[in-house]
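Novice: Quick one: sequence and predicted model below, then my questions.
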Amino acid sequence: MRDFGGKPKDNQLIALNKIQISQLVSQIIFFFTFDSKRMGFSQKILIRSEQITPRLRYVIRHIFENLLGVEPVIVRSDEVTDGTTLPIISYTYQPGKGGGMHIVPAGLLFQQGINPDLHPNIDYRDQIPVIFGSTTQDSLGFDIFSAIFYVLSRYEEYISVHFDSHRRFQPDSSPFFAHKLYAIPVADEWVLLLKNKLSEHYPNLSFKKQSYTYLPTIDVDMPYAYRFKKLPYTVGGIAKSILRKDYYSLKKRLQALVSKKEDPYFTFDYLNSVTAQHSIQPLYFYLCSGQKPYDPIAGYRKRAVQETVKFNQQHALAGLHNSYHTLDKPELITKELGQLQSMIEEPIFRSRFHFIRFQIPQSYQQLLQAGIREDYSMGFPSINGFRSGTSHPFYFYDLSREEETDLKIFPFQAMDATYIHYLKFTPDEAYDDLVQIREQVRRHNGTFIIIWHNNYFEPTPLGQHWRKVFEAMLA
């Protein structure tokens, strides 16, 4: 025991040096480096973990830096943190000595590679669906970090053997579908749960204020109905109209060809005008190349895309709509990207796969190789909802290479073609469903992204109904 009433003896001083000097230095370094007021940082949080891995860094960065606006400081659980005033989360098998929140690791973030037998059970905590439930008592009752990593990384798609006829991941083969987890932004719900729990533990901890954003995106598969079609398609179309006695279509085609009246699919004047009224800049994805039957642009002359791109250039953002066969022939991505860039005469770094036909991770790896840095394909063609469990952009984590990449993913939540071709919804039914999805995105101040197609807004009674739905989403 130290004598507080007198001067320590030399041997006591030596003992102090040997036992406590290194610990004291560690604490000084810790406070100097991580104090919440240093370097102008207003809010920080200390994450103590059994291991520090790329997976852990990735999910922590997404939750705290991207969404909550709190800077995370990740340290190993055996590092000295005594006396810190920072909020603490102990991501450890046993509760931390310094108090704070405690989350028991499920092990996923400490692993490498892909386990084909990993199918986490879906439980419920306070009516919220969760995965990786804790077997021992902790602050949340499940490993929230592993859960969010699992859905953001699309782990289940690496090990799935269920694909449709287009080699796309089938959502109805997943337990997430059976439990309706795709219908809600489940990862956003988990982050909100964590945020509320942190506020209980640390009432003075403040978070970044997110704001709801709506981004209308338009896939331009067919810029025109009749103009700029290659001669065989034009002749064939006329013949079909005559044989079917479809004189309305024949009249419209001849008007577009002879008098050059506005083509019914060329609805960009309307789209640019109505979005400008709401101070919203739309994003067009242009299909520049491809093959029949899935890439209708194959029936057009190059001038069709050139004129459309130039018409929209001053009103909207532009991205590449990768053709159907880029999944089979990835070298086409670079070729098609070059075609679009030559038309617009500026770099293009956004993309969306036509038919939502892509596979993880190879398709994303190919985008990165081609120079794409933002992708807007994360969603399902057959159902609407939240494929990656979030309404917020996030970076692609490549499980096959165990690294976070520079590819930013912007998930979409709904598509007009899904309502029309898969769900068989009327415009009114689609509106009601879109309102429900929008409210979920608003709840989490996320980015509401809908895929529209220019040809569904043609000046027909049905097209006018879809225009009303489009305008309602802008409000």
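Specialist: Good, I have the coordinates.
Novice: so which strand or helix has Val305?
Specialist: Using DSSP states H and E, Val305 maps to helix 302-312.
Novice: buried sites along that helix?
Specialist: Judged by neighbour count using 16 or more other C-beta atoms under 10 Å, the buried positions of helix 302-312 are Ala304, Val305, Gln306, Glu307, Thr308, Val309, Asn312. For every residue, glycine as well, the C-beta is placed using N, CA and C.
Novice: What's the first helix or strand after it?
Specialist: strand 317-322.
Novice: Outside of that next one itself, list whatever touches it.
Specialist: Where contact means C-beta atoms under 8 Å, 6 or more residues apart in numbering, the residues beyond strand 317-322 that reach it are 219-221, 281-288, 309, 312, 332-333, 336-337, 340, 344, 348, 350-354, 358, 372, 374, 376.
Novice: now for the buried residues of helix 302-312, which pair is the farthest apart?
Specialist: Ala304 and Asn312 (13.0 Å; C-beta to C-beta).
Novice: If you compare the directions of the helix or strand hosting Leu337 and strand 317-322, what angle comes out?
Specialist: Taking DSSP H and E as the criterion, the element that holds Leu337 is helix 331-344. Counting by axes from the mean of the first three to the mean of the last three C-alpha atoms, to 10 degrees, helix 331-344 lies at 150 degrees to strand 317-322.
Novice: Just put the buried residues of helix 302-312 in JSON lines and tack on distance to Val191 and pLDDT.
Specialist: Shown next, in JSON lines, are the buried residues of helix 302-312 (distance: C-beta to C-beta, whole Å; pLDDT from 0 to 100):
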{"residue": "Ala304", "distance to Val191": "44", "pLDDT": "93"}
{"residue": "Val305", "distance to Val191": "40", "pLDDT": "96"}
{"residue": "Gln306", "distance to Val191": "44", "pLDDT": "95"}
{"residue": "Glu307", "distance to Val191": "44", "pLDDT": "94"}
{"residue": "Thr308", "distance to Val191": "39", "pLDDT": "96"}
{"residue": "Val309", "distance to Val191": "38", "pLDDT": "97"}
{"residue": "Asn312", "distance to Val191": "36", "pLDDT": "97"}
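Novice: Which of those residues sits closest to Ile45?
Specialist: Closest approach between the buried residues of helix 302-312 and Ile45, by C-beta to C-beta: Asn312, at 44.0 Å.
Novice: I'd like the distance between the closest one and Lys180.
Specialist: Using C-beta to C-beta, to the nearest Å, Asn312 is found at 38 Å from Lys180.
Novice: tell me the domain boundaries of the chain?
Specialist: Residue ranges for the domains of the chain, per automatic domain parsing: 35-201, 213-225+263-474.
Novice: Check the secondary structure at Lys408 for me.
Specialist: Here Lys408 is recorded as strand under DSSP: H, G, I helix; E, B strand; the rest coil.
Novice: Show the contacting residues for it.
Specialist: Lys408 touches Arg373, Glu374, Asp375, Pro393, Phe394, Tyr395, Phe396, counting by C-beta under 8 Å, 6+ apart.
Novice: Return the closest of the residues you listed with respect to Tyr431.
Specialist: Closest approach to Tyr431 among the contacts of Lys408 (C-beta to C-beta): Pro393, at 25.5 Å.
Novice: how near is the closest one to Tyr376?
Specialist: Distance from Pro393 to Tyr376, counting by C-beta to C-beta: 10 Å.
Novice: Could you dump the contacts of Lys408 into TSV and include secondary structure and neighbour count?
Specialist: Formatted as TSV, the contacts of Lys408 follow (DSSP: H, G, I helix; E, B strand; the rest coil; neighbours: other C-beta atoms under 10 Å):
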residue	secondary structure	neighbour count
Arg373	coil	14
Glu374	strand	18
Asp375	strand	25
Pro393	coil	18
Phe394	strand	25
Tyr395	strand	15
Phe396	strand	25
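Novice: returning to that earlier point: check which helices and strands the following helix or strand past the helix holding Leu337 sits against.
Specialist: Using DSSP H and E, the helix or strand that follows helix 331-344 in sequence is strand 350-353. Packing partners of strand 350-353 (3 or more C-beta pairs under 8 Å, 6 or more residues apart in numbering; DSSP states H and E): strand 283-286, strand 317-322, strand 374-375.
Novice: I'd like to know which elements the shortest one is packed against.
Specialist: Same thing as strand 374-375. Counting by 3+ C-beta pairs under 8 Å, 6+ apart, strand 374-375 packs on strand 350-353, strand 403-409.
Novice: Quick check: buried residues in the longest one?
Specialist: Using 16+ other C-beta under 10 Å as the burial criterion, the residues of strand 403-409 that qualify are Glu404, Thr405, Leu407, Lys408, Ile409.
Novice: Would you mind listing the residues in contact with the second one?
Specialist: The neighbours of Thr405, taking C-beta under 8 Å, 6+ apart as the test, are Tyr364, Leu368, Tyr395, Phe396, Tyr397, Asp398.
Novice: how far away is Tyr182 from Ser388?
Specialist: Counting by C-beta to C-beta - Tyr182 and Ser388 are separated by 10 Å.
Novice: Mutual contacts of those two, please.
Specialist: Joint contacts of Tyr182 and Ser388 (C-beta under 8 Å, 6+ apart) do not exist.
Novice: Could you work out the end-to-end span of stretch 375-387 for me?
Specialist: One end of stretch 375-387 to the other measures 14 Å (C-alpha to C-alpha, to the nearest Å).
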